[in-house]
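A.B. asks: I'll drop the sequence and a predicted model, then ask my questions.
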Amino acid sequence: MVDMIDVDHVSKRYGEKVAVDDLTFAVQPGIVTGFLGPNGAGKSTTMRMILGLDAPTSGTVTVNGKAYRDLAAPLHEIGAMLEARAIHTGRSAYNHLLAMAQTHGIPRSRVTEVIDLVGLTDVARKRAGGFSLGMGQRLGIASALLGDPATVILDEPANGLDPEGILWIRNLLKSLAADGRTVFLSSHLMSEIALTAEHLIVVGKGRLIADTSVSEIVAQASENSAVRVRTPDATALRDALAADGVSVRSDERGVLEVHGVSSERIGELAAEQAIVLHELTPQTASLEEAFMRLTGDSVEYHAAAFPTPVTPDLEQVA
Amino acid sequence: MSTAVATDRTAAAPKAAPRGRVTQANVLRSEWTKLWTLRSTRWSLLAAVVAMAGLGILIAAVQMGRWTHLDPHERAVYDSIDTGVGGYHLAQLAIGVLGVLVISGEYSTGMIRSSFMAVPKRLPVLWAKIGVFAAVTFVLMLIASLVSFFGVQAIVTGHHLNHSLGDPHALRVVVGTALFLTVLGILSIGIGGLVRNTAGGIALFVFLLFVLPGITAILPASIADSINPYLPLNAGFTVATSTFENGNHLAPWAGFALFCGYAALAVGAAAIGLLRRDA
């Protein structure tokens, strides 16, 4: 099975700044893969390299086994919507798409089709410069689908959209996936990606942090999560739990947040000591927490590699 | 319109849409669409046509109106062929600015990313821009300079100053003006592709063509005289004039060939930049 997109030991430097650092991953066919990382992690740069817009400083990127530049009909193989606008503000949506279509000999009927599909029919003849953010995103998606490609790349498609627009994007992604298309989708929000993606590529500071399935990432992150216990006899339970590696916190009277021991073990201990429990709930880590934990690690990693950071890295905090 | 607003449905099933591929002819069609679908382009071309066709006629009308007030020298050197193509003084500015914009406008708006995603080999985009812009400029400017030429001849007939296209230099000047403006447009596309920024591109265009001659004018005459004929505008303009102020100039077609060389240089540099630099 040929990977749709293959990123192989790719680095990209802009002068002294390393945007992408020895990144290796593959996007598998037929599923939605999320590309996740904080702002400034190198996601957009990586996508531009996949699309042949930026040349890697080292390493290779291939699409369907070929460098993007060598594709004879790129719009039919891979459709892309970049985060930054890629349209002349003075041209109408229809004429923009028509000019794109003509490079491949795609007929006008297809242009009308994608315009209807993204719901821009009423404004298709207006200057794109006057489009709202949401309309711009829709036009970007129309461009991506113009050549009816098997692979679609979307850079932060939900960015700046109103709730209705976000819902529209979600439905669109689901329908793309249902068609059996390969979707590669970037976001800095785990919650957004987790709704549609099966697989995740997580990056931080241009480096690969994780290449795993969504369910696995949640399971990993939950391992060290807390258990919430409500009991009328909190002091007795706290004493019973006192052991190495177990920490107990209480922000509310009669409620304990226990780390380092499973809910099963807490139940057993309570039974042995005849302590009444009103509630015993394992706190599953949210996706957002899982993501923060992952990228948090990448900060620590870099802090260890460069022992005396001159300035705090604000990007990673965001 | 049966498929409108069907948000939960992608286009026709995969592979149903017709498949094409990138060819130079397809890219030419795309660039043709791009050129005519911007208001700024249409206005600039209209301005160039009006200037090229109208300015010479206007000047001729004014000159003939006060012919008896002109001094004898002015009357002696009056050349209705040069007046006939006098509109190029204005048209060259419109064509040059538009040439820069054709490519810098794509960089400033981000359109260039769409262009290069569709045509990742990039150079076909440059060739198509040059081909379309050159063809449009040549046809429009040839028509405009013919209109201007015949208009001017009609006005100066009363003073027996008129020339026909068959007279020495006349046809060469009329066609040469269109050629000069066309190559000027190509040169400015090269500049736009090299600088990739509208303000910078226009500044460089104005500097090379209009400011540089002014700088040489303040150099010692001996140095200025040896440089002047080789400056882009001075070299190119030889093909578009029938009388010269002095003998210090290249032969018409030699000058034009040098001008073409400058354009080729700018386009070549832009092509290398296009291939090597990130979009």
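C.D. replies: Yes, it's here.

A.B. asks: give me the number of residues near B:Leu265?
C.D. replies: By other CB atoms under 10 Å in any protein chain shown, the residues close to B:Leu265 number 13. Heads up, the C-betas are built off the backbone N, CA and C, glycines and all.

A.B. asks: And it, what's its pLDDT?
C.D. replies: You'll see B:Leu265 listed with a pLDDT of 97.

A.B. asks: same check, this time on B:His160
C.D. replies: Note on B:His160: pLDDT of 88.

A.B. asks: tell me the contacts of whichever residue of chain B sits closest to chain A?
C.D. replies: Residue nearest to chain A within chain B: B:Gly20 (3.2 Å; CB to the nearest CB). Residues in contact with B:Gly20, defined by CB atoms under 8 Å, 6 or more residues apart in numbering or on different chains, are A:Ala73, A:His76, A:His104, A:Gly105, A:Ile106, B:Asn26.

A.B. asks: Now it. Nearest residue, chain neighbours left out?
C.D. replies: Distances taken as CB to CB, 6 or more residues apart in numbering or on different chains put A:Gly105 closest to B:Gly20, at 3.2 Å, once the chain neighbours are dropped.

A.B. asks: One more: A:Ala150?
C.D. replies: A:Arg181 is the one closest to A:Ala150 (CB to CB, 6+ apart), at 5.7 Å.

A.B. asks: The one you found and A:Thr151 touch, don't they?
C.D. replies: Yes - counting by CB atoms under 8 Å, A:Thr151 is a contact partner of A:Arg181 at 6.7 Å.

A.B. asks: Need the pLDDT of the residue nearest to A:Gly90 when sequence neighbours are not counted.
C.D. replies: Once flanking residues are discounted, A:Gly90 sits nearest to B:Leu38: 4.7 Å by CB to CB, 6+ apart. Predicted confidence (pLDDT) for B:Leu38: 96.

A.B. asks: ok, back up a step: state the pair within the contacts of B:Gly20 that is farthest apart.
C.D. replies: Pairwise distances across the contacts of B:Gly20 (CB to CB) peak at 12.7 Å, for the pair A:His76 and B:Asn26.

A.B. asks: between those two, what contacts are shared?
C.D. replies: Common neighbours of A:His76 and B:Asn26 (CB under 8 Å, 6+ apart) are A:His104, B:Gly20.

A.B. asks: Does whatever residue of the stretch 51-200 of chain A ends up closest to chain B belong to a helix, a strand or coil?
C.D. replies: Using CB to the nearest CB, the closest approach of the stretch 51-200 of chain A to chain B is made by A:Gly105 at 3.2 Å. Three-state call for A:Gly105 (DSSP: H, G, I helix; E, B strand; the rest coil): coil.

A.B. asks: isn't it right up against B:Asn26?
C.D. replies: Yes - contact criterion CB under 8 Å: A:Gly105 and B:Asn26 qualify, at 5.1 Å.

A.B. asks: Which other helices and strands does the helix or strand containing A:Val248 contact?
C.D. replies: Secondary structure from DSSP states H and E places A:Val248 in strand A:247-252. Counting contacts by 3 or more CB pairs under 8 Å, 6 or more residues apart in numbering or on different chains; DSSP states H and E, strand A:247-252 packs against helix A:234-241, strand A:255-259.

A.B. asks: low-scoring pLDDT stretches of the chain, where are they?
C.D. replies: Just going to use chain A. A:1-2, A:221-224, A:244, A:284-287, A:295-318 (pLDDT under 70).

A.B. asks: let's do chain B instead
C.D. replies: B:1-18.
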